[in-house]
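Undergrad: Got a sequence here, can you build the structure:
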Amino acid sequence: MSAQVILSSIGLVADIVGAILIFKYGIPPRIDPEGHQRLILHQIDEKEKARAAVFIKRSQVGVALLILGFSLQLASNFT
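TA: Next up, the predicted model:
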């Protein structure tokens, strides 16, 4: 197998994994699509804060994998 095929294949796999991470862990919009209103309390839920941090980190990893994947695919065109 040539280096071009290997780089392109690794790039495609990185893109797929990155897209799945963004789909699963992407931050939902602050607008409720069903129109529900929520009661806002002046307290902090530490569990929810920690959960949000995990989601943010995983979505950032997903974006990084997409960028890496596209970069590898681009590099495979020049090898």
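Undergrad: Mind pulling up the pLDDT for residue 41?
TA: Per-residue pLDDT puts residue 41 at 75.
Undergrad: same question, residue 52
TA: pLDDT recorded at residue 52 is 84.
Undergrad: can you pull the buried residues of the host helix or strand of it?
TA: Taking DSSP states H and E as the definition, residue 52 sits inside helix 46-76. Buried residues in helix 46-76, counted by 16 or more other CB atoms under 10 Å: 59, 62, 65-66, 68-69, 72-73, 76. All C-beta atoms are positioned from the backbone trio N, CA, C, and that covers glycine.
Undergrad: next one: stretch 7-23
TA: 7-8, 11, 14-15, 17-18, 21-22.
Undergrad: tell me what the helix holding residue 52 is packed against?
TA: With contacts taken as 3 or more CB pairs under 8 Å, 6 or more residues apart in numbering; DSSP states H and E, helix 46-76 sits against helix 3-25.
Undergrad: Need the CA coordinates for the helix it packs on. CSV is fine.
TA: Only the C-alpha atoms of helix 3-25 are listed here, as CSV (Å, rounded to 0.1, in the frame of the first residue of the first chain):
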residue,chain,number,x,y,z
ALA,A,3,1.7,6.3,1.6
GLN,A,4,-1.0,8.2,-0.2
VAL,A,5,-3.6,5.5,0.5
ILE,A,6,-2.5,5.1,4.1
LEU,A,7,-2.7,8.8,4.9
SER,A,8,-6.1,9.1,3.2
SER,A,9,-7.4,6.1,5.0
ILE,A,10,-6.2,7.3,8.4
GLY,A,11,-7.7,10.7,7.6
LEU,A,12,-11.1,9.2,6.7
VAL,A,13,-11.2,7.2,10.0
ALA,A,14,-10.3,10.3,12.0
ASP,A,15,-13.1,12.2,10.2
ILE,A,16,-15.6,9.5,11.0
VAL,A,17,-14.6,9.3,14.7
GLY,A,18,-14.6,13.1,15.0
ALA,A,19,-18.0,13.4,13.4
ILE,A,20,-19.5,10.8,15.7
LEU,A,21,-18.0,12.6,18.8
ILE,A,22,-19.4,15.9,17.6
PHE,A,23,-22.8,14.3,17.0
LYS,A,24,-22.9,12.6,20.3
TYR,A,25,-21.3,15.2,22.6
